[in-house]
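[1] fold the following.
(one chain, ligands or ions: 1)
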Amino acid sequence: MNAVEVRGLSRSFDGRDILRDVSFTVGHGEIFGYLGPNGAGKTTTIRILLGLLAPDTGEVRVLGRDLAADDDARARVGVLFENNGLVDRMSAAGNLTYYAGLYSVDDPAERVDELLALVGLADRRDDPVGTFSTGMKRKLGIARAILHRPEVVFLDEPSSGLDPGAQRMVRDLILELSRREEMTVFLNSHHLDEVQRICSTVAILAGGRIRAFDSVENLTAASGRPAVTVALAGAGARACETVGGLPYVTECGVDGDRLRCTLADPAAIPDLIAALVGAGFRIEEVRRSSRSLEEIYIEHVGRAEGGP
Ligand SMILES: Nc1ncnc2c1ncn2[C@@H]1O[C@H](COP(=O)(O)OP(=O)(O)OP(=O)(O)O)[C@@H](O)[C@H]1O
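    Next comes the predicted model:
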């Protein structure tokens with residue numbers, strides 16, 4: 001059984017189809033990245049999974065259950081929406097203790113202390129949340145979402161509005177949670193770099209449909225289209241003229257002193273280097289490169305914008 005299952009899900013608002021026959025699964029213990037442009041329907045999908053919104057057609061399951069109809073299963077799930085769900089005038093510890101009561105956490109005092117330490121806010125435990133930075137509130141929001149030790153946690157844009165340092169803290173925290181608490185993490189995010197670093201699997205939603213659903217490793221693998229980046233000493237403007245016509249070079253581009261080639265065969269890298277050296281180019285560095293998740297995302301979203 002998967003932690004999350006979405007089958008043939010469709011939902012429209014005011015006659016506009018937002019989700020059209022969306023299907024994907026998330027395995028237990030995975031960190032799953034749900035990607036898509038603004039308004040694609042990511043939050044809508046989470047709301048349907050949580051049982052807060054009914055689908056038009058299709059079926060969703062979390063931990064094998066329909067959360068709309070199952071209070072026990074709902075207690076095994078955590079959620080962080082963008083507003084963090086915190087009360088500004090209460091302290092960090094006060095907020096967590098309040099929610100620990102709501103969730104009937106067995107060991108509230110210990111759990112609150114443990115989580116404040118985990119998110120690095122133990123020394124600010126008695127300060128009102130209203131005095132916290134955006135990043136501190138987000139970390140406390142994550143602590144709130146996982147207080148009751150959920151098996152699956154939904155994090156809707158956990159890094160939005162955070163500076164790079166705070167984004168990194170949140171990223172490390174998610175990895176730590178997944179490792180320490182063995183939680184399945186469902187992450188809605190626009191931060192493709194973050195997703196590439198921490199997610200095992202992703203789905204790309206655009207134009208109402210799932211455009212890609214695979215492991216990050218498979219999606220970004222260089223094996224399908226092996227690519228190489230060559231740093232040249234001096235300008236590389238003519239490099240494409242030299243190697244662009246070679247039979248094993250399928251694509252070629254130059255940006256300043258960087259030459260990037262996609263090859264038909266990874267074994268052709270030494271031939272490419274020999275061709276460049278033979279033509280008088282001096283090479284500083286050669287790196288095999290896989291495609292970034294951003295490139296793949298742009299490709300799929302661009303294609304989706306071209307048609308349904
Ligand atoms: N209750 C609602 N009534 C009408 N339209 C809605 C409702 N909820 C969502 N929508 C519309 O559905 C679309 C998808 O919204 P959703 O919030 O799911 O997108 P998203 O992918 O999470 O976007 P973002 O990345 O900007 O947060 C939007 O056009 C939104 O206006």
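[2] what about the longest helix in the protein?
    helix 164-180 (DSSP state H).
[3] give me the pLDDT value at the nearest residue in space to Arg124 that is not next to it in sequence.
    In space, and not counting its chain neighbours, Arg124 is closest to Ala92: 5.8 Å by CB to CB, 6 or more residues apart in numbering. Bear in mind the C-beta positions are built from the backbone N, C-alpha and C, glycine included. pLDDT for Ala92: 97.
[4] for the ligand, what's its nearest residue on the stretch 201-308 of the chain.
    Nearest residue of the stretch 201-308 of the chain to the ligand (CB to the nearest ligand atom) works out as Leu205 at 7.0 Å.
[5] list the contacts for that residue?
    19, 22, 34-36, 40-42, 45, 211 (CB atoms under 8 Å, 6 or more residues apart in numbering).
[6] so which of those are also by the ligand?
    36, 40-42 (CB under 6 Å from any ligand atom).
[7] narrow those residues to those that are buried.
    36, 40-42 (16 or more other CB atoms under 10 Å).
[8] what is the mean pLDDT for stretch 299-308?
    74.
[9] what comes up buried for that stretch?
    So stretch 299-308, judged by 16+ other CB under 10 Å, has buried residues 300-301, 304.
[10] which stretch of helix or strand covers Ile269?
    helix 269-278 (DSSP states H and E).
[11] CA atoms of the next helix or strand after that helix as CSV?
    Using DSSP H and E, the helix or strand that follows helix 269-278 in sequence is strand 283-289. The C-alpha coordinates for strand 283-289 follow below in CSV (Å, rounded to 0.1, in the frame of the first residue of the first chain):
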residue,chain,number,x,y,z
ILE,A,283,40.6,23.1,-22.2
GLU,A,284,40.4,23.9,-18.5
GLU,A,285,37.8,21.5,-17.3
VAL,A,286,35.4,18.9,-18.7
ARG,A,287,32.3,17.8,-16.7
ARG,A,288,29.6,15.3,-17.5
SER,A,289,26.3,17.0,-16.7
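[12] show me what strand 283-289 is packed against.
    Helices and strands touching strand 283-289, by 3 or more CB pairs under 8 Å, 6 or more residues apart in numbering; DSSP states H and E, are strand 227-232, helix 269-278.
[13] where do the strands of the stretch 201-308 of the chain begin and end?
    Remark: strands assigned in the stretch 201-308 of the chain by DSSP state E, counting those that start in this stretch are 201-206, 209-215, 227-232, 249-255, 258-263, 283-289.
[14] I'd like those as JSON lines, with distance to Gly78 appended.
    Shown next, in JSON lines, are the strands of the stretch 201-308 of the chain (distance: least, CB to CB, whole Å):
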{"stretch": "strand 201-206", "distance to Gly78": "19"}
{"stretch": "strand 209-215", "distance to Gly78": "23"}
{"stretch": "strand 227-232", "distance to Gly78": "39"}
{"stretch": "strand 249-255", "distance to Gly78": "43"}
{"stretch": "strand 258-263", "distance to Gly78": "42"}
{"stretch": "strand 283-289", "distance to Gly78": "37"}
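[15] quick check: the two most widely separated of the buried ones among the ones next to the ligand among the contacts of Leu205?
    Largest separation among those by CB to CB: Gly36 and Gly41, giving 7.0 Å.
[16] need the pLDDT of His190.
    Value for His190, per-residue pLDDT: 87.
[17] got a list of what it touches?
    Per CB under 8 Å, 6+ apart, neighbours of His190: 35, 38, 157, 160.
[18] just the buried residues of those.
    Here, 16+ other CB under 10 Å leaves 35, 157 buried among these.
[19] would you mind giving the contacts of His190 as CSV with secondary structure and pLDDT added?
    Putting the contacts of His190 into CSV (DSSP: H, G, I helix; E, B strand; the rest coil; pLDDT from 0 to 100) gives the following:
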residue, secondary structure, pLDDT
Leu35, strand, 95
Asn38, coil, 91
Glu157, coil, 91
Ser160, coil, 86
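[20] so which of the contacts of His190 comes closest to the ligand?
    Using CB to the nearest ligand atom, those come closest to the ligand at Asn38, 3.4 Å.
[21] roughly how far does that closest one sit from Ile174?
    Relative to Ile174, Asn38 is positioned 22 Å away (CB to CB, to the nearest Å).
[22] then Val254?
    38 Å.
[23] so between these two, which is more surrounded?
    Ile174 (23 against 19; other CB atoms under 10 Å).
[24] which pLDDT value belongs to that one?
    So Ile174 comes in at 91 (pLDDT).
[25] got a list of what it touches?
    31, 142, 155, 158, 185, 187, 198.
[26] swap the cut-off to 6 Å and go again
    The contact partners of Ile174, taken as CB atoms under 6 Å, 6 or more residues apart in numbering, are 185, 198.
[27] from Phe32, how far out is it?
    11 Å.
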